[in-house]
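Novice: Sharing a model that was predicted from the sequence below.
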Amino acid sequence: MNFTLLAAAPAPAAGGGMSGGISQIIMLVLIIVVFYFFMIRPQMKKQKEAKKFQEAIKKGDKVVTIGGIIGKIAEVHDADYIIEVEGGNKLRILKSAISMENSASLNTAETKA
């Protein structure tokens, strides 16, 4: 019975073992390249733009934090900002807490009005 199972098993193709391994490596490389161009590269570009935006903020600019707080920049420091919110209150926030998208949409909405 063992002999019939061994005889029925297909024989490996001669010389075809290496082409299967190479095609798997090529597919893996293609997946990594696609992943880089569609996921990693756009994220790095977005982070670079956000950092550039955060460094360009100056006193008097209106901003929105990631928490939704709207205020005007009163002081600029190395790692943080002091923003003045409605009622004359001042808040100290980190530079990374400024939302680039929301601040840009706030400023464009005010220029249209």
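Specialist: Sure, I can see it. Residues are numbered from 1 along each chain as shown.
Novice: next one: phi and psi at residue 62?
Specialist: Here is the backbone geometry of residue 62 (degrees, to the nearest 10): phi -90, psi 130.
Novice: Would you mind naming the residues that bridge with it?
Specialist: For residue 62, the beta-bridge partners are residue 72 (DSSP bridges).
Novice: OK, contacts around it?
Specialist: Going by C-beta atoms under 8 Å, 6 or more residues apart in numbering, residue 62 touches 70, 71, 72, 73, 103, 106, 107, 110. Quick note: C-beta positions are derived from backbone N, CA and C, even for glycine.
Novice: I'd like to know the average pLDDT value across whichever strand or helix holds residue 49.
Specialist: For residue 49, the host element (DSSP states H and E) is helix 41-56. Helix 41-56 comes out with an average pLDDT of 90.
Novice: tell me what it is packed against?
Specialist: Applying 3 or more C-beta pairs under 8 Å, 6 or more residues apart in numbering; DSSP states H and E, one finds that helix 41-56 contacts helix 100-112.
Novice: Tell me what angle the helix it packs on forms with helix 41-56.
Specialist: Using axes from the mean of the first three to the mean of the last three C-alpha atoms, to 10 degrees, the direction of helix 100-112 lies 60 degrees away from that of helix 41-56.
Novice: Could you list every helix and strand that helix 100-112 packs against?
Specialist: Short answer (3+ C-beta pairs under 8 Å, 6+ apart): helix 100-112 packs on helix 41-56, strand 62-64.
Novice: so which of those gets nearest residue 94?
Specialist: Closest approach to residue 94 among the helices and strands packed on helix 100-112 is made by helix 41-56 (9.5 Å; C-beta to C-beta).
Novice: How about residues contacting that closest one?
Specialist: 95, 96, 98, 100, 103, 104.
Novice: rerun at 7 Å
Specialist: Outside helix 41-56, the residues that touch it by C-beta atoms under 7 Å, 6 or more residues apart in numbering are 95, 98, 100.
Novice: In the helix or strand hosting residue 31, which residues are buried?
Specialist: Secondary structure from DSSP H and E places residue 31 in helix 17-35. By 16 or more other C-beta atoms under 10 Å, helix 17-35 has no buried positions at all.
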